[in-house]
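for reference, the sequence and a predicted model appear below.
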Amino acid sequence: MTLNLALLLSILSFAIYIAVIGRVLLRPQREPASRIAWLIAIIAVPLVGVIAYLLLGEARVSRSRRERYRAIEEHLPHPGGADDVRARLRGAPYAGAFALAETVNQLPPTDGNRAILPPDSNSAIAMMVADIDAARATVHLGFYIWLADHNGLAVKDALIRAAQRGVKVRVLADALGARRFIRSSHWGEMREAGVDARVALPIGGLIWTLIRGRFDLRNHRKQLIIDNRIAWCGSQNLADPEFRVKARYAPWVDIMTRWAGPAAQACQFVFAADWESEHGDCIDALLRPEAAPPRVAEPGIMAQVIATGPNLPYPAMPACFSMLIHSAQRELIITTPYFVPDEQILFALHNAARRGVETTLILPARNDSRIVAGVSRSYYADMLSAGVRLYEYRPGLLHAKTISVDGEVALIGSANLDRRSFELNFENNILLADRDFTAEIRVRQLSYLAESQAVSEENVTQTGIARRIWRNLLAMLSPLL
């Protein structure tokens with residue numbers, strides 16, 4: 001009996017082993033490097049490799065949540081009337097980037113927008129609080145991290161004031177990123193005041209979470225929409241720059257943008273989809289043509305909202321990033337805190353530099369993730385060889401995610417140039433075409449550059465062999481992360 005049981009368990013284990021290998025080979029939309037890395041891991045250490053793949057190998061969204069996303073996408077009205085904007089884009093070097101971005105959420109490009117770039121993180125929070133205090137009908141807020149510090153509590157208090165004067169306030173906070181705030185008395189205080197506060201992507205029990213889908217799929221978006229006519233988008237969380245939970249890397253240097261005009265309704269669409277996915281009430285009336293925000297400038301800033309996540313059928317964010325990089329003809333400046341590129345991003349950067357585009361990449365000198373820092377630096381030698389200008393920002397953790405192209409086009413938002421943003425996180429970005437506002441973003445990028453130190457080939461070659469081996473090993477394993 002014991003022998004038969006052991007034989008049965010062996011057969012079952014072997015069947016699971018073969019099934020997992022088959023899944024690795026057959027799973028769609030997987031990069032060859034990722035497929036090979038997982039095969040090596042499973043063959044080299046079968047038990048650990050199989051368990052790791054079942055837990056972390058796929059950006060699995062539970063079936064009920066996938067069906068919910070599909071139903072939400074089908075019934076929410078999509079803003080329209082963009083033929084004149086598309087006509088303005090026709091023939092521009094960056095037209096392809098806007099065309100690809102539109103396919104992600106079927107949100108068209110808009111114009112007639114005005115945008116403001118606050119001077120720093122504290123100013124951005126103060127302006128957001130002022131917008132909440134001026135709200136008349138609705139306040140919709142969704143953020144990844146929320147701390148009970150000065151800025152976090154200032155936003156909380158403003159939301160309570162809005163709810164108490166009759167404004168409908170809807171709030172989403174990520175279950176993992178904002179877990180301390182959600183568990184605090186401040187969360188209950190908001191709900192008691194009438195704020196409809198919900199947890200995004202709740203984790204629940206660990207075992208059940210792992211069965212139904214990955215626990216580390218996160219809502220990483222940072223957005224605030226006021227009265228369906230003003231929207232905020234950028235890299236900043238609801239926290240002080242001192243970011244006391246990781247104070248040793250402070251200050252955290254972010255960028256937020258305030259939008260007025262038709263782009264606000266596109267941001268509203270992103271929030272509405274997130275809100276309904278967490279069983280919030282239907283707010284599709286705000287997305288209908290009669291509710292569209294007025295144009296506030298002529299012709300105004302051209303803007304395209306891009307919202308990506310693991311519910312999409314293909315990795316849309318790296319595709320949009322690489323298309324924008326390919327559109328560069330003279331200058332390309334990128335800032336990101338987390339640089340773990342896939343092949344298309346890496347080759348796009350190399351090729352931009354090789355074809356004569358002045359390509360500048362600014363990363364933080366001190367990263368709160370030692371693994372990400374190691375992986376990032378493993379690419380330094382090849383990028384420098386291709387002609388990419390590399391800089392490391394010194395004063396704090398540069399958390400701003402920005403791209404500017406030829407002084408005409410820019411992209412800002414929540415997405416990093418790493419595999420987590422590409423495959424696991426729900427992100428929100430805005431692609432824009434406007435020389436004046438791009439110039440403002442470029443000036444901010446150059447201010448980061450002025451406080452950064454250039455990375456030279458000599459710096460890279462002087463790195464010890466052991467450290468280089470470690471970094472390259474991390475890069476080799478990055479498709480598994």
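Thanks, I have it.

give the contact list for the closest residue to R66 other than its chain neighbours.
Closest residue in space to R66, ignoring its immediate chain neighbours: N311 at 6.3 Å, by CB to CB, 6 or more residues apart in numbering. For glycine as for every other residue, the C-beta is placed from the backbone atoms N, C-alpha and C. With contact taken as CB atoms under 8 Å, 6 or more residues apart in numbering, N311 is in contact with 61, 65-66, 69, 426.

same check, this time on V104
Counted by CB under 8 Å, 6+ apart, V104 has contacts 306-308, 312, 316, 320.

just the buried ones from those, in PyMOL syntax?
Burial among these is assessed by 16 or more other CB atoms under 10 Å; the matching PyMOL selection reads:
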select buried, resi 306+307+308+312+316+320
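
from the contacts of V104, which land in helices?
316, 320 (DSSP state H).

kindly reformat the contacts of V104 as CSV containing distance to L238 and pLDDT.
Output for these, formatted as CSV (distance: CB to CB, whole Å; pLDDT from 0 to 100):
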residue, distance to L238, pLDDT
I306, 22, 97
A307, 19, 96
T308, 22, 95
L312, 26, 86
A316, 26, 92
C320, 26, 96
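
keep only those of the contacts of N311 that are in helices.
65-66, 69.

drop anything exposed from those.
65, 69.

let's have the ones in helices among the contacts of N311 in TSV, adding distance to M302 and pLDDT.
Converted to TSV, these look like this (distance: CB to CB, whole Å; pLDDT from 0 to 100):
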residue	distance to M302	pLDDT
R65	33	75
R66	33	77
Y69	28	85
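
distance check, R435 against W275.
35 Å (CB to CB, to the nearest Å).

give me the three-state assignment for V169.
Three-state call for V169 (DSSP: H, G, I helix; E, B strand; the rest coil): strand.

how many neighbouring residues does it have?
24 (other CB atoms under 10 Å).

re the thing from before, between R435 and W275, who's got more neighbours?
W275 (23 against 12).

ok now the helix or strand encompassing the more buried one, how far from the chain's centre?
Using DSSP states H and E, W275 falls within helix 263-277. Counting by CA atoms, centre = their mean, to the nearest Å, helix 263-277 is centred 15 Å from the centre of its parent chain.

same for it, what does it pack against?
helix 63-75, strand 110-116, strand 138-143, strand 168-174, strand 223-226, strand 230-234, strand 301-308, strand 425-433 (3 or more CB pairs under 8 Å, 6 or more residues apart in numbering; DSSP states H and E).

so where's the stretch 101-250 of the chain shaky on pLDDT?
Across the stretch 101-250 of the chain, residues meeting the criterion (pLDDT under 70) sit at 205-215.

mind running it again at 90?
Across the stretch 101-250 of the chain, the ranges flagged by pLDDT under 90 are 203-217.

just the stretch 351-481 of the chain next, same as before
419-420, 423-424, 459-481.

which parts of it are strands?
For the stretch 351-481 of the chain, applying DSSP state E, counting those that start in this stretch gives strands covering 358-364, 389-393, 397-398, 402-405, 409-413, 417-418, 425-433, 452-454.

check which residues of the first one are buried.
Right, strand 358-364. 359-364.

what lines up beside it in the sheet?
For strand 358-364, the pairing partners within the sheet under DSSP bridges are strand 331-335 (parallel), strand 389-393 (parallel).
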